[in-house]
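Enquirer: give me a 3D structure for the following:
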Amino acid sequence: MTLAYMRLEMVRLLRDPGYLVMSLISPLLMYLVFTNLDLGGQGDGKAALYSMVGMAGFGAVGAVMGNGVSIAEDKPLGWIRQLRLLPLGPVQVVAGRALCAMAVTLPPILSVCLSGAVVNGVSLGIGQWAAVIGLLWLGIAPMAALGIGLGYLLTAQQAQMAGLVCYMGLSLLGGLWFPISEFPGWLAHIAQATPINRYGELSWRAGDGHGPTLLGTVVLAAWAAAFVAFAAYGFRRSTRTAV
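Expert: Below is the predicted model:
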């Protein structure tokens, strides 16, 4: 039943071409602009790699936040009421929807990484490429859960505003646009506690040939647990109020 539900949600997501186009074009264009103007601020051979991971992650965050908006838009149509008829628990629904949202992050991740290799000459070993892309995809799971929770709890307009704040604000604070080493000390400490910074750190380190840090993994896992609980709560509440 869970797999059937996931297939259904995937079909519904892929029927929204604007959702795919915006999550694909925006980060790709920003990546090309950032690297050609050296807005990554590093001025050396690592700038293209840093910006590649940052903009691929930025596109992934936008895709999962857009998923939350689509959930909010579904509620007035009675979709939540239909879900109550299925033998699925809140965690199953959240997990299924999160996996669907994560699947839609693959186009921006792959397009930005391809541009990094072809346009900016980012050169990595096969294992490093696999690690960078795989961690960009897997690491977005906490943000996917956050977007789902916002979608279930808020109206479409509220979810759009909240998603935009998370999309732009957390991406900027988390260092996807600029290295947090350029932040004031107090702000850099705050940035390191955000899920976005620890998400990007996974692939930045993989690109440099290093594994994840224990602290970074713990921080990201803690955010993941909190966001999954938030999304499950949002689903339970939405099913209670659905008519």
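Enquirer: how about the spatially closest residue to Thr105 that is not a sequence neighbour, secondary structure?
Expert: What sits nearest to Thr105 in space, not counting adjacent residues and going by CB to CB, 6 or more residues apart in numbering, is Ala60, at 3.9 Å. C-beta here means a position set from N, CA and C on the backbone, and glycine is covered the same way. On the three-state scheme (DSSP: H, G, I helix; E, B strand; the rest coil), Ala60 is labelled helix.
Enquirer: looking at Ala60 now. What's its pLDDT?
Expert: Per-residue confidence (pLDDT) for Ala60: 92.
Enquirer: and it, how close does it get to Asn67?
Expert: 11 Å (CB to CB, to the nearest Å).
Enquirer: need the contact list for the residue positioned nearest the centre of the chain.
Expert: Taking CA atoms, centre = their mean, the centroid of the chain lies closest to Val61, which sits 2.9 Å from it. Applying CB atoms under 8 Å, 6 or more residues apart in numbering, we find Val61 in contact with 140, 143, 166-167, 170-171, 176, 196.
Enquirer: repeat that with 10 Å
Expert: Taking CB atoms under 10 Å, 6 or more residues apart in numbering, we find Val61 in contact with 23, 27, 105, 108, 140, 143-144, 146-147, 163, 166-168, 170-171, 174, 176, 195-196, 199-200.
Enquirer: ok, Gly185 next?
Expert: Neighbour list for Gly185: empty [criterion: CB under 10 Å, 6+ apart].
Enquirer: distance of it from Glu201?
Expert: In terms of CB to CB, Gly185 sits 18 Å off from Glu201.
Enquirer: other SSEs contacting the host helix or strand of Gly216?
Expert: Using DSSP states H and E, Gly216 falls within helix 214-241. In terms of contacts (3 or more CB pairs under 10 Å, 6 or more residues apart in numbering; DSSP states H and E), helix 214-241 is packed against helix 46-74, helix 79-83, helix 90-104, helix 141-153, helix 185-192, helix 195-207.
Enquirer: out of those, which is closest to Phe230?
Expert: helix 141-153 (4.1 Å; CB to CB).
Enquirer: tilt between that closest one and helix 195-207?
Expert: Here helix 141-153 runs at an angle of 150 degrees relative to helix 195-207 (axes from the mean of the first three to the mean of the last three CA atoms, to 10 degrees).
Enquirer: can you pull the alpha-carbon coordinates of whatever helix or strand comes next after helix 141-153 into PDB?
Expert: Following helix 141-153 in sequence order, the next helix or strand is helix 156-164 (DSSP H and E). Extracted in PDB, the C-alpha atoms of helix 156-164 (Å, rounded to 0.1, in the frame of the first residue of the first chain):
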ATOM      1  CA  ALA A 156      -1.400  27.400   0.700                       C
ATOM      2  CA  GLN A 157      -0.600  31.100   1.000                       C
ATOM      3  CA  GLN A 158       1.000  30.600   4.400                       C
ATOM      4  CA  ALA A 159       2.900  27.500   3.300                       C
ATOM      5  CA  GLN A 160       4.300  29.500   0.300                       C
ATOM      6  CA  MET A 161       5.500  32.300   2.500                       C
ATOM      7  CA  ALA A 162       7.000  29.900   5.200                       C
ATOM      8  CA  GLY A 163       8.600  27.800   2.400                       C
ATOM      9  CA  LEU A 164      10.100  30.900   0.800                       C
END
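Enquirer: kind regards, and thank you for your time.
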